[in-house]
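Novice: Make a model of this:
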Amino acid sequence: MSKTLDWSKYVEAAVQTVSEGVVLLKNENHALPLDKSENTAVFGRIQLHYYKSGTGSGGMVNVSKVVGITDGLIEAGAKINETLLETYKAWDKENPFDMGEGWGGEPWSQKEMPLDDDVVKAAAAESVSAVAVIGRTAGEEQDNKLEKGSYYLTDAELDMLKKIRKHFGKMTVLLNIGGIIDLSFMDSPETAPDALMIVWQGGMVGGTGTARVLLGEVSPSGKLPDTIAYNVSDHASDRNFGAPDKCIYAEDIYVGYRYFETFAKDKVRYPFGFGLSYTDFSIVCDKAELNENGEVEIHLTVKNIGGKYSGKQVVQLYYEAPQGKLGKPARVLRAFRKTGTLAPGESQTLSFFAHPDSLNSYDDSGKTGFRDSFVVEAGKYNMYVGTDVRTAEKCFSFDIDETRKAGKYTGIPYRHNDGQQLLAPHTAFERILPVAEGEGYSEGSEPVPLNEIDTDAIIAANLPAEIPQTGDKGIKLADVKSGKNTMDEFIAQLSDNDLACIIRGEGMGSPKVTPGTTSAFAGVSQSLIDFGIPSCCTSDGPSGMRLDCGTKAFSLPNGTLIASTFNTELVYELFSLAGLEIAYNKVDCLLGPGMNIHRHPLNGRNFEYFSEDPLLCGEMAAHELAGLQSAGVTGTIKHFCCNNQELNRHFLDSIVSERALREIYIRGFQIAVKKGNAKTIMTTYGSLNGVWTAGNYELNTMLLRDDWHYDGVTMTDWWANINRRGNAPDKKDFAAMARAQNDMYMVCTDGANNDDNTLEMLAAGKLTRGELQRNAANICRFAMNTRAMDRLLGCAEEVEIIGRPKEDDDVTNENVEVFVLDSEVTVPLGDAAATKGSSYVFVLDVKHFGEFDVEMTASSESGELAQIPVTMFVLGIAWSNFTFNGTGGKPVTIPRTTQFYSRYTTVRLYFAQNGLKPESIRFKLKREGKTFTDG
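Specialist: Model (predicted):
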């Protein structure tokens, strides 16, 4: 049997996602849509360098082409001011795009072309409308900052807007960004555009999808997944963001619109859920009642009342719970639905069902009489329907007579071990509490309930029973899969060394799996492989596969754009196609979706994540997972939990109340587990309430396994810290990780040989064999249901890709040559094609980690003023540039330095121009950091 991935359908699904995810915030003076027949002038250098994603692991997808916004307009047949375009191209050639060097080294923005007034005036003489494209990036290790070129526009960007506004009657601004930036330019008549659209970062076909909306082929239907405030300081979270050691979540549950709609409506520029269309819609509530099943039942008719454009509309259902004893946000999103495409005059009926118990709050203090439980408090509950949180209108109210625990119901699942405190903070702080003031609320405060449980005692009382070891009985994992033997019988065969090995992931670039991927796991030693345990493969996401060997993959729209579609069916379709591509590349787990809450607009990884709202996060993740699983692969939801700041993320302690965790920061993960059937979860780099998540028993066992009944595997983030409460972090403390039931450490350079403390702690009685066997069973249970297992058994469905452009196949993931780098090695480059746009890939088996001198030798017959750049990528990161001039045919050597800290390190040389004859590249150890056995 086989499955087929039609590349054209894949492209179309991504393009449609972009078209439905861009958000139109302003449209006056008939600025949009653009008229194809009229000449349009496009300004801004980012028209030539569309940001397909942010930086770091979330965006490192190799592609042959990125369709920018100008590309998309031209491909769609729009008339573009060619003179202006050529002016930008000429300037861009003399001022190359700055990729930065090293991990997190790319700048937030690029130098903008200075605009002469005469250039803009000449463009206005030829063109009817102007479009200005402004771009930003951020990512891992790189939060945005309150600086020009990051959150704020640069002087050159503001000057560009002023000159366009001066000479053009119609101006549209497009923001190619991963997270919210300052919009104060909207307030000045000198810079305010007629139309403003956030186009986010739409992957490799982002320009195509954006152009469809700009030209009116598709009416915009995207909605804001975040509140846009006038100032960053307006966010309650801003008071506690950016600290290098401890981040106190004093705003508690009042994140994003939950804060603004309760306390600070006047601070909002654009509300959560807002987004314009080219047409108008009416929403009529046809029926709203408590039905015979005790559910709130609402039926609505949505009608396109415009006269020209078809379009889609997102209907959002919010609720207002009584303040009660706990205090509540003024609005909480309960559900959303997106219509199909409605022609003018066409209508569609939408239905919503919500059990009253789903309108709950978490009582971590016992104020209601039900401590550490979800409760619905007595009082009036109001339901609101609309197209954003601010304009949603009341459509139904009902009363609950008596406060009660939230029971089991159909909907978003909340099953909790009643009365069991979990993950409470150990550090005292005051959190926000609403205080009635007139018709609204002011900010009061209350002390947060602190931890009262003894986690060590709970662990000791709940140690898993040891399975008596039997030695090898000839049972293979396939026998468990077939039902011939039990998992316990299989696990009983594993030696202590096997148990120590199986909790190690191997990477990066393990030769056991697809070249250039992030890890192998499960079958990481020969002994484990001999037991029939497959070597499973992970690849970085969440915006497509990161393949450091240079293999091309599909670069998907980023998480924020996906959330802005509010279209779960479309998300499922896109990721079912992505799943086929992932399966084709023999990858079992895409490391995504990213699910952390947009707690603060400056978080550098917001582009990877979905929203400030946990329901929207959870629903998007659940549908991504369902799509991937339809192809036999899965996604790894991350980062569990509270990865809301990049600054000092390896050592940052997030101090959060139980209530905020339950209602905000883990709720989306819970939806992904319960509704999306998540099977792999990644913890964070940092600490949660004093214990690093990699070794947090309350998080990984008591909450995830005992409370949610999760039966998949958990893994650390790559090279994460681990600790025990009160102790300093230690990356070698695998025993603490295993005891917490975080199943696998990602990553070790060699799964069969690593300097961790597992066997030492087992011998000392500080870790039990039963705990390791439990983790091994978790891993094997997952592994035996993967395509890797099917490949081992010879029964995997083949995946065929049809219609994929030939240029996407120029680098293969097979037969990449490996060179052993002890202290020095010279890699011959005579076989490198070295033509413009080509790459040469090899792998270094690095025996000693540290800093290396690099020398590249090449010759050229070109003139001495020729500039022939070569970029060296290390594990997908642009690390160094070698720029050769003409050498008269004689070899010239250019020195550089680099760092290697992964045993199997993929190196890719990218040749940007023709005319170079490479000879060799030499690596020599300069300063040793650690050996590969150090993990």
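
Novice: Going by C-alpha atoms from here, please, whenever you check contacts or count neighbours.
Specialist: Fine.

Novice: pretty sure residue 73 contacts residue 209?
Specialist: No: when contacts are counted by C-alpha atoms under 8 Å, residue 73 is not listed as touching residue 209 (9.7 Å).

Novice: and these two? which has more neighbours close in?
Specialist: residue 209 (29 against 24; other C-alpha atoms under 10 Å).

Novice: Please report how far that one lies from residue 91.
Specialist: Taking C-alpha to C-alpha, to the nearest Å as the measure, residue 209 falls 27 Å from residue 91.

Novice: Please apply the same query to residue 481.
Specialist: 62 Å.

Novice: How about residue 222?
Specialist: On the measure of C-alpha to C-alpha, residue 222 and residue 91 end up 34 Å apart.

Novice: So these two - more neighbours on which side?
Specialist: It is residue 222, of residue 222 and residue 91, that has more neighbours when counted by other C-alpha under 10 Å, with 32 against 14.

Novice: Could you report the pLDDT at that one?
Specialist: At residue 222, the pLDDT value in this model is 98.

Novice: and if you look at residue 412?
Specialist: 45.

Novice: Centre-most residue in the protein?
Specialist: residue 608 (2.7 Å; C-alpha atoms, centre = their mean).

Novice: Run through the residues that contact that one.
Specialist: 54, 58, 542-543, 558-560, 593-595 (C-alpha atoms under 8 Å, 6 or more residues apart in numbering).

Novice: try 10 Å
Specialist: The contact partners of residue 608, by C-alpha atoms under 10 Å, 6 or more residues apart in numbering, come to 53-55, 57-59, 139-140, 178-179, 201, 541-543, 557-562, 592-596.

Novice: Quick check: mean pLDDT of the longest strand seen in the chain?
Specialist: If you go by DSSP state E, the chain has its longest strand at strand 917-931. In this model, strand 917-931 has a mean pLDDT of 88.

Novice: Give me the sheet partners of that strand and which way each runs.
Specialist: strand 824-828 (antiparallel), strand 848-859 (antiparallel) (DSSP bridges).

Novice: just the ones you listed: most buried one?
Specialist: Sort these by mean neighbour count, taking mean count of other C-alpha atoms under 10 Å, and strand 848-859 sits at the top with a mean of 20.

Novice: CA atoms only for that one, dumped as PDB, please.
Specialist: The C-alpha trace of strand 848-859 is given here as PDB (Å, rounded to 0.1, in the frame of the first residue of the first chain):
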ATOM      1  CA  HIS A 848      36.600  16.900  20.900                       C
ATOM      2  CA  PHE A 849      34.200  19.800  21.400                       C
ATOM      3  CA  GLY A 850      35.300  23.400  21.400                       C
ATOM      4  CA  GLU A 851      36.600  26.200  19.200                       C
ATOM      5  CA  PHE A 852      38.100  25.400  15.800                       C
ATOM      6  CA  ASP A 853      40.200  27.300  13.300                       C
ATOM      7  CA  VAL A 854      38.700  26.900   9.800                       C
ATOM      8  CA  GLU A 855      40.600  27.500   6.500                       C
ATOM      9  CA  MET A 856      38.900  27.400   3.200                       C
ATOM     10  CA  THR A 857      41.100  27.200   0.000                       C
ATOM     11  CA  ALA A 858      39.700  28.000  -3.400                       C
ATOM     12  CA  SER A 859      40.700  29.700  -6.700                       C
END
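
Novice: This completes my enquiry, with thanks.
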